[in-house]
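**Student:** predicted coordinates and the sequence they were generated for:
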Amino acid sequence: MTVLRLLKHSGSWLLLWAAAHAAASTATDHGLEHILDEASGAEIMRAVQERHQLYPHVYEEQVMVLQDRLGHRDTRRLRRFTRVEEDGSVRFLLLFDAPEDVMGVALLAVRNASGETRQSFYLPALGPDFIESSERSSQGSFLGSDFTVENLTGEVLADHLYVRRRDERIVGQPYYRIDVYRAGVEPATSSPLRAHFILQDSLFIARTDHFDDLGRVERRQTHHDLVPVGAGVWRPNLVRMDNLRDGHKSYLRIERRIFSADLVPPERFTAQWILANQPPLARVVAAVEDES
């Protein structure tokens, strides 16, 4: 199903989500939920990460579709590069290719083995300098989408406290519910940042509810079109983020995925490589002037 067809059927996201995950769970290790009956939230999250983050070198070609409450759409094309080093550090690069008003925009992130993350943005129209991103800015919307930088690069387990809640059954499927807090807070007196709903059969995070400061669901992230990429390992070909506050929606469709170290060499995750592989500056400036 194409992105546009999914947009036309946006009112039935729950049925689409349930169907995708029912298909995934029938092909996975039955009985896994019993092994984790007594597991804590942190233990379940570690099991999730160990199972589904096995591939250290990933290249993806993606389409991002933004839709407002009136149904108007904005489509962007981008590439994502991910590389896990032997010391446990992780490198990310998001590089936008189209349309022209975002052409060449880049997000570069490096997470060291201890979990500390450094992020920077490159905006071609502002010159060759990279803009350092603070922890707070990583929580804000990314380039007008409903995704944050953390949504796109993944959360760091060491930075969070995971509390297991009562298991839930949604559209006939059993899920673990894990509430996520900032590390060091007291759950009894604090509101969670989000709640993960994890399929018990496949240990796949099917849905994440993101809360506002009052504990209300502000954004809902769901994964669709799951595909097997290894023994018991699944990846979504479509990620959907619904902004329940303003009716805005963002879709991220993966059109191509390749697991290859050759496509994500270390030098690609540098400012030098990004600057050397930019489109001609005249095209970028013209695009910006057209927008203004």
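**Tutor:** Everything's here; your move.
**Student:** rest of the way, CA atoms for contacts and neighbours
**Tutor:** Fine.
**Student:** not counting sequence-adjacent ones, nearest residue to residue 180?
**Tutor:** Nearest in space to residue 180, with sequence neighbours left out and distances taken as CA to CA, 6 or more residues apart in numbering, is residue 162 at 4.9 Å.
**Student:** residue contacts, that neighbour?
**Tutor:** 41, 42, 45, 178, 179, 180, 181 (CA atoms under 8 Å, 6 or more residues apart in numbering).
**Student:** filter those residues down to just the ones in helices.
**Tutor:** 41, 42, 45 (DSSP state H).
**Student:** hang on, the earlier thing: ok, now how distant is the residue nearest to residue 180 from residue 185?
**Tutor:** 11 Å (CA to CA, to the nearest Å).
**Student:** same question for residue 267.
**Tutor:** On the measure of CA to CA, residue 267 and residue 185 end up 38 Å apart.
**Student:** more neighbours: which of those two?
**Tutor:** Set residue 267 next to residue 185 and count neighbours by other CA atoms under 10 Å: residue 185 wins out with 13 against 10.
**Student:** if we can go back for a sec, just send the ones in helices among the contacts of residue 162 back as a markdown table, with distance to residue 277 and pLDDT too.
**Tutor:** Formatted as a markdown table, those follow (distance: CA to CA, whole Å; pLDDT from 0 to 100):
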| residue | distance to residue 277 | pLDDT |
| --- | --- | --- |
| 41 | 43 | 96 |
| 42 | 41 | 95 |
| 45 | 37 | 96 |
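**Student:** most neighbours out of the residues you listed, which is it?
**Tutor:** residue 45 (22 neighbours).
**Student:** quick one, what contacts that residue?
**Tutor:** By CA under 8 Å, 6+ apart, the neighbours of residue 45 are 157, 162.
**Student:** can you pick out the most distant pair from the contacts of residue 162?
**Tutor:** Greatest spatial distance in the contacts of residue 162: 45 and 181, 13.0 Å, computed using CA to CA.
**Student:** and residue 39, how many neighbours?
**Tutor:** Counted with other CA under 10 Å, residues neighbouring residue 39 total 14.
**Student:** dihedrals phi and psi, it?
**Tutor:** Main-chain torsions, residue 39, degrees, to the nearest 10: phi -70, psi 150.
**Student:** would you list the ones in helices among the contacts of residue 162 in a markdown table and tack on distance to residue 200?
**Tutor:** Shown next, in a markdown table, are the ones in helices among the contacts of residue 162 (distance: CA to CA, whole Å):
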| residue | distance to residue 200 |
| --- | --- |
| 41 | 13 |
| 42 | 15 |
| 45 | 12 |
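**Student:** element containing the residue lying closest to residue 91 once chain neighbours are set aside, please.
**Tutor:** Using CA to CA, 6+ apart and skipping the chain neighbours, the partner closest in space to residue 91 is residue 110 (4.6 Å). Residue 110 is located in strand 106-111, with elements delineated by DSSP states H and E.
**Student:** where does the stretch 101-250 of the chain have low pLDDT?
**Tutor:** 134-140 (pLDDT under 70).
**Student:** could you pull out the helices for it?
**Tutor:** 149-153 (DSSP state H, counting those that start in this stretch).
**Student:** circling back: from what I can see the residue nearest to residue 91 touches residue 85, true?
**Tutor:** No - using CA atoms under 8 Å, residue 110 makes no contact with residue 85, being 10.7 Å away.
**Student:** more neighbours, the two?
**Tutor:** A direct count of neighbours by other CA under 10 Å for residue 110 and residue 85 places residue 110 higher, at 21 against 14.
**Student:** how about the contacts made by that one?
**Tutor:** Residues in contact with residue 110 (CA under 8 Å, 6+ apart) are 89, 90, 91, 92, 117, 118, 119.
**Student:** so which of the residues you listed are in strands?
**Tutor:** 90, 91, 92, 117, 118, 119 (DSSP state E).
**Student:** would you format the residues you listed as a markdown table with distance to residue 190 and neighbour count included?
**Tutor:** Shown next, in a markdown table, are the ones in strands among the contacts of residue 110 (distance: CA to CA, whole Å; neighbours: other CA atoms under 10 Å):
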| residue | distance to residue 190 | neighbour count |
| --- | --- | --- |
| 90 | 30 | 20 |
| 91 | 32 | 24 |
| 92 | 31 | 22 |
| 117 | 24 | 17 |
| 118 | 27 | 15 |
| 119 | 28 | 20 |
